[in-house]
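> build the 3D model from these lines:
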Amino acid sequence: MIGRRLTVAGIAALFALAAQPSGLGARPLAAIKAHGSIMVCANPNALPYAAKKGDRQGVQLELAKALADQLGVGLEVGWVVFPFEIQRVDCDIVLDSIVDKEVQDERHVRLSQPYQQGGVALAFRSGVAPVASYTDLKPGLRVGAMVSSLARLYLARHGIDTIPYTFEDEMVGAVGKGELDVAAISPATIGYYNLSHPAAPLQSTMAFASVPDLTWSVAVGMRKADDALIDSINAALKKLLADGTVHHIYAGYGIDQHTPEP
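As a prediction, this is how the structure comes out:
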């Protein structure tokens, strides 16, 4: 099914793959200015991250538009669904790129300063007391996790059986309906669900905070960008973080925004 949220890291995990080697490369700042616009890769049907149709554009597109405004250029969107499609899309930036120096060096991608803290959380249905750590989950709970995810692996290592899901929106919906007691899922998906269901919000905790593999920072990814583009994106982000724009964009989708520590 096109555009659904395929991994617990949401679109961040998809766009982390955009740095794979290929003949595609981002334009330098001068070329972007001459062209009059900057292009971002985005999934057409993946709220709260991005959407092609409807009234809501998604966090990534709203933030990309704010960055483009700061650079004094327009914004174009290269729509992608699967990782292999990114290879043929000539996009300049990918938002929510996971910060990993080893991957950056290997794939020749340059990143902006981080602007959001990400990771995996636990969402709890009404009537189930939240726990601070996934290791504190009691036996007998119906626990959902993304199929083939690291979260599912860590839960299994602690003897916690899980019910596999392919799509995050289906899993969070199952928690809301009481079909699951707990789900290992992205905080963004939980926040957006709660925004859409204000009468029955889910409680959540960052229960994998002690697991480095399941906590990360995200930044703007730029392939083969020149220093001028890096500096301009960083300057724009600094301003948008300072004036509350980034926080406001995330809040509009029910998501807490936390700027990572330097």
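> need phi/psi at the residue nearest to Leu122 when sequence neighbours are not counted.
Counting by Cβ to Cβ, 6 or more residues apart in numbering, Leu122 lies nearest to Ala207, which is 4.2 Å off, once chain neighbours are set aside. In this view, the C-beta of every residue, glycine as well, is placed from N, C-alpha and C. The main-chain torsion angles of Ala207 are listed as degrees, to the nearest 10 and equal phi -80, psi -10.
> show the pLDDT at Ala207.
Looking at Ala207, its pLDDT reads 97.
> number of residues surrounding it?
Here the neighbour count serves as a burial measure; for Ala207 (other Cβ atoms under 10 Å) it reads 25.
> look at Lys53 and give its secondary structure.
coil (DSSP: H, G, I helix; E, B strand; the rest coil).
> which pLDDT value goes with it?
As predicted, Lys53 sits at a pLDDT of 94.
> who's in contact with it?
Lys53 sits next to 44-45 when contact means Cβ atoms under 8 Å, 6 or more residues apart in numbering.
> just give the closest residue to Arg27, not the sequence neighbours.
Asp92 (5.8 Å).
> just checking, that neighbour touches Ile38?
Yes - Asp92 is within contact range of Ile38, at 4.9 Å (criterion: Cβ atoms under 8 Å).
> overlap of the contact sets of the two?
When contacts are counted by Cβ under 8 Å, 6+ apart, Asp92 and Ile38 are jointly contacted by Ile32.
> the two: who's more crowded?
Under the neighbour definition other Cβ under 10 Å, Asp92 and Ile38 were set side by side, and Asp92 has more, 29 against 26.
> and the gap between the more buried one and Leu67?
Separation of Asp92 from Leu67 (Cβ to Cβ, to the nearest Å) stands at 10 Å.
> what residues are shared contacts of the two?
Ile38.
> output stretch 58-71 as PDB, restricted to C-alpha atoms.
The C-alpha atoms that make up stretch 58-71 are tabulated as PDB, following Å, rounded to 0.1, in the frame of the first residue of the first chain:
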ATOM      1  CA  GLY A  58       3.200  17.500   7.100                       C
ATOM      2  CA  VAL A  59       6.100  18.500   9.300                       C
ATOM      3  CA  GLN A  60       8.800  17.900   6.700                       C
ATOM      4  CA  LEU A  61       7.200  20.000   4.000                       C
ATOM      5  CA  GLU A  62       6.300  22.900   6.300                       C
ATOM      6  CA  LEU A  63       9.800  23.000   7.600                       C
ATOM      7  CA  ALA A  64      11.300  22.700   4.100                       C
ATOM      8  CA  LYS A  65       9.100  25.600   3.000                       C
ATOM      9  CA  ALA A  66      10.300  27.700   6.000                       C
ATOM     10  CA  LEU A  67      13.900  26.900   5.100                       C
ATOM     11  CA  ALA A  68      13.300  27.800   1.400                       C
ATOM     12  CA  ASP A  69      11.800  31.100   2.500                       C
ATOM     13  CA  GLN A  70      14.900  31.900   4.600                       C
ATOM     14  CA  LEU A  71      17.100  31.100   1.500                       C
END
